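> Predicted model and sequence below, questions to follow.
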There are 2 protein chains.
Amino acid sequence: MSRIFNFSAGPAMLPAEVLQQAKDEMLDWHGSGMSVMEMSHRGKDFLSIAEAAEADLRQLLAIPDNYKVLFLQGGASAQFSLIPMNLLGGKPGLIDFVNTGAWSKKAIQAAKNYADVHVVASSEDDNFNSIPAQDSWQRSDKAAYLHLTANETIGGVEFHTTPDSDVPLVADMSSNILSRPVDVSRFGLIYAGAQKNIGPAGLTLVIIRDDLIGEAHPATPDVFRYSVMADTDSMSNTPPTYGWYLAGLVFKWLLAQGGLDAMEARNVRKAGKLYDAIDSSDFYANPVAKDARSRMNVPFTLADGALDKEFLAGAAEAGLTSLKGHRSVGGMRASIYNAMPEEGVDALIAYMRDFEQRRG
Amino acid sequence: MSRIFNFSAGPAMLPAEVLQQAKDEMLDWHGSGMSVMEMSHRGKDFLSIAEAAEADLRQLLAIPDNYKVLFLQGGASAQFSLIPMNLLGGKPGLIDFVNTGAWSKKAIQAAKNYADVHVVASSEDDNFNSIPAQDSWQRSDKAAYLHLTANETIGGVEFHTTPDSDVPLVADMSSNILSRPVDVSRFGLIYAGAQKNIGPAGLTLVIIRDDLIGEAHPATPDVFRYSVMADTDSMSNTPPTYGWYLAGLVFKWLLAQGGLDAMEARNVRKAGKLYDAIDSSDFYANPVAKDARSRMNVPFTLADGALDKEFLAGAAEAGLTSLKGHRSVGGMRASIYNAMPEEGVDALIAYMRDFEQRRG
């Protein structure tokens, strides 16, 4: 079978050009006689790869000089704990959260282990189909920081503006980082698991403003202390070198595409035509408020849920896979990250129209 | 340049056959139309990869049914903290350690954060060039467990027998796992970073006896709780899928080589001829007691340290790289893990003899 269009929520598609380059270099990187995954992380070859990746990421996101970029292990889920452990330092404190869905709730749950938690706004009463209006947020007087989930992978809800905040803004951008320009200076900390828009699972990025790096909770393992990892260029211990390398290839690919302005234009187009196809049909439906719809994850239902299985089987036959929605919301979900080609979205829309004509 | 012989201590060489297969499958795994790193970790394709890897590892090490195998992130360095966090549960406790070198010391240092620490024996007075005789160990009455470093990557010192222990034995096997058969039932917990004998950096194996899995330190992030990871088959969150896949390819390669008996025979032969070359020369020297010499990491010095640079430059020209010793011990170090072909050791010995003839 040739390459298919994989709508998985993550791990997800990577650019074919990146995979091709990784393939070409698998046994011999740039005449070194070895694979990147065989290199000492302290040798000049790998250091050149690591530094180029960080420099390209800094260029893509225009990361200010007073921010560190950490290349970590553990996934965004580990950061649900490690952020309060690092930012509160084991002292009593209060964290403000905006609750916009399943991933917000996980971050809130983990933080309760380390701090008092206050939910400034929640869209749970709306079945997580919107972003609470900012003028309704009940902020605390002295939160250590305000946490939000920039994109909810399961619900398909995305922040399209960055809220104002007097306290440092901490954002889980696992599923929409690098899909659009972001003013990093508006955030205290941005974190993201790699397996949607960055590279393979097992790498986690933390972009943190210098002044927030302090003493961590005394129980924090050294390799998860931001101070230790900032001081060692993320090499207190052996980093996930191959994931770092692949992330670097993705960053170069993004630059070659024209950077994040170009990616945003493409993502607006891709998501726009898919939502249009859903909205213009009586057979398909998406429940999310239009101003909060995710460009990355598009959940939709069929008018007759009994046809779900047939829809999925036909899609797989057409080379469109991993469209089954998360079990908590049912129906379908099309994840259309940066690496999903526009032709993949076009093929999905064509299949949806054909299916509706035949079975709608 | 063609493939070279890379004597790096880790990340280190991987079998060329494994890299070739990863290359062949990079854009299309088994007709799936996608790379392994693009697969949902919850889909049947990846689950089949994950299960086969665990089954093959269990076969290689004859892991008893009452042991869990966890595929984690963070590296062995994270386990220096996570083992006491998980095994002591945040309660006061005492841990016994054998101190045989730099990695023992790091494990001891990290554990002090969570427990009282008692060193039952140390070879530090001997410059870490031996393993303290077991009848000299001053064991505690009621340690939670006894920790040892099965192979010291920097010092080149290895346990060649498994000590008796009334309390659970915990072993860091990062740099000698899968190099020889081990009676897993003699251990409570075995852990290993992947980047020497398993696969790429970013994957860490923990093999733990069921009854030791309990309540962790309250500050432990969920994804680092053994109980959580055991209950979810290491998929509480997205695992490092590509590293898991490559580890599986390495396990299959080991089975095809004849398993760990065959690997041990090969490793005894490889290390034996290298130590013989060193011992039979007045120009090269290795300081480690013969009964404690590592089969994996062979440090050696030149009679005249002023020749080190010339030795390394000539070696690199001959396709023999990463031979520089760790800065704390100086000289040279040849790491000859499973994936170092016997021809690599032969080529090194030939180069050493030639260099001695020319410059000795």
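In hand now; what should we look at? Numbers count the residues shown, from 1 in each chain, chains lettered A, B, ... in the order given.
> Low-confidence regions, chain A specifically.
Across chain A, the stretches falling below the confidence threshold (pLDDT under 70) are A:1-2.
> How are the strands of it distributed by residue range?
Listed from the start of the chain, chain A has strands (DSSP state E) covering A:5-6, A:67-72, A:94-99, A:116-122, A:145-149, A:151-152, A:157-158, A:169-172, A:189-193, A:204-209, A:284-285, A:297-302, A:320-321, A:332-335.
> end-to-end on stretch A:159-173?
Between the opening and closing residues of stretch A:159-173 we find a distance of 10 Å, counting by C-alpha to C-alpha, to the nearest Å.
> can you list the residues that contact that stretch?
Stretch A:159-173 is touched from outside by A:76, A:79, A:83, A:87, A:96, A:98, A:100, A:103, A:107, A:131, A:134, A:137, A:139, A:142-151, A:182-183, A:186-192, A:209, A:212, A:291-292, with contacts defined as C-beta atoms under 8 Å, 6 or more residues apart in numbering or on different chains. All C-beta spots, glycine's among them, are computed from the backbone N, C-alpha and C.
> So how do I select the buried members of these in PyMOL?
Here is the PyMOL command that selects the buried residues among the contacts of stretch A:159-173 (16 or more other C-beta atoms under 10 Å in any protein chain shown):
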select buried, chain A and resi 76+79+83+87+96+98+100+103+107+131+139+143+144+145+146+147+148+149+150+151+182+187+188+189+190+191+192+209+212+292
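> just checking, which of the strands of chain A sits deepest inside the structure?
Here the criterion is mean neighbour count by mean count of other C-beta atoms under 10 Å in any protein chain shown, and of the strands of chain A the winner is strand A:151-152, at a mean of 28.
> so what does that strand touch, helix or strand wise?
Contact analysis of strand A:151-152 by 3 or more C-beta pairs under 8 Å, 6 or more residues apart in numbering or on different chains; DSSP states H and E lists helix A:102-111, strand A:157-158 as its packing neighbours.
> Dump these to a markdown table, plus distance to chain B.
Rendered in a markdown table, the data for those read as follows (distance: least, C-beta to the nearest C-beta, whole Å):
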| stretch | distance to chain B |
| --- | --- |
| helix A:102-111 | 7 |
| strand A:157-158 | 20 |
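> For the nearest residue to A:Leu61 once chain neighbours are set aside, grab the count of nearby residues.
Counting by C-beta to C-beta, 6 or more residues apart in numbering or on different chains, the nearest residue to A:Leu61 once its immediate chain neighbours are dropped is A:Val184, at 5.6 Å. Counted by other C-beta atoms under 10 Å in any protein chain shown, the residues lying close to A:Val184 total 17.
> tell me the contacts of A:Val184?
When contacts are counted by C-beta under 8 Å, 6+ apart, A:Val184 touches A:Leu61, A:Ala62, A:Ile63, A:Pro64, A:Tyr67, A:Ile190, A:Ile207.
> residue boundaries of the helices in chain A?
In order along the chain, chain A carries the following helices (DSSP state H): A:16-24, A:44-61, A:75-88, A:102-111, A:226-231, A:241-257, A:259-279, A:308-317, A:342-359.
> Ok, which of the ones you listed comes nearest B:Ala201?
Closest to B:Ala201 of the helices of chain A is helix A:241-257 (C-beta to C-beta; 5.0 Å).
> Okay, buried residues for that closest one please.
Going through helix A:241-257 with 16+ other C-beta under 10 Å, the ones that come out buried are A:241-254.
> restrict those residues to contacts with chain B.
Restricting the buried residues of helix A:241-257 to those near chain B by C-beta under 8 Å from any C-beta of the partner chain leaves A:Thr241, A:Tyr242, A:Gly243, A:Leu246.
> and A:Asp45, what does it touch?
Counted by C-beta under 8 Å, 6+ apart, A:Asp45 has contacts A:Trp29, A:His30, A:Ser32, A:Met39.
> so how many other residues sit close to the third one?
Meaning A:Ser32. Here the number of neighbours of A:Ser32 (other C-beta under 10 Å) works out to 19.
> same question, the last one
In terms of burial, A:Met39 registers 26 neighbours under the definition other C-beta under 10 Å.
> Redo the contacts of A:Asp45 as a markdown table? Include distance to A:Gly258.
Putting the contacts of A:Asp45 into a markdown table (distance: C-beta to C-beta, whole Å) gives the following:
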| residue | distance to A:Gly258 |
| --- | --- |
| A:Trp29 | 27 |
| A:His30 | 26 |
| A:Ser32 | 30 |
| A:Met39 | 31 |
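> Among the residues you listed, which ones lie close to chain B?
A:Ser32, A:Met39.
> Determine which two of the contacts of A:Asp45 are furthest apart.
Maximum pairwise distance in the contacts of A:Asp45, criterion C-beta to C-beta, is 10.8 Å, between A:His30 and A:Met39.
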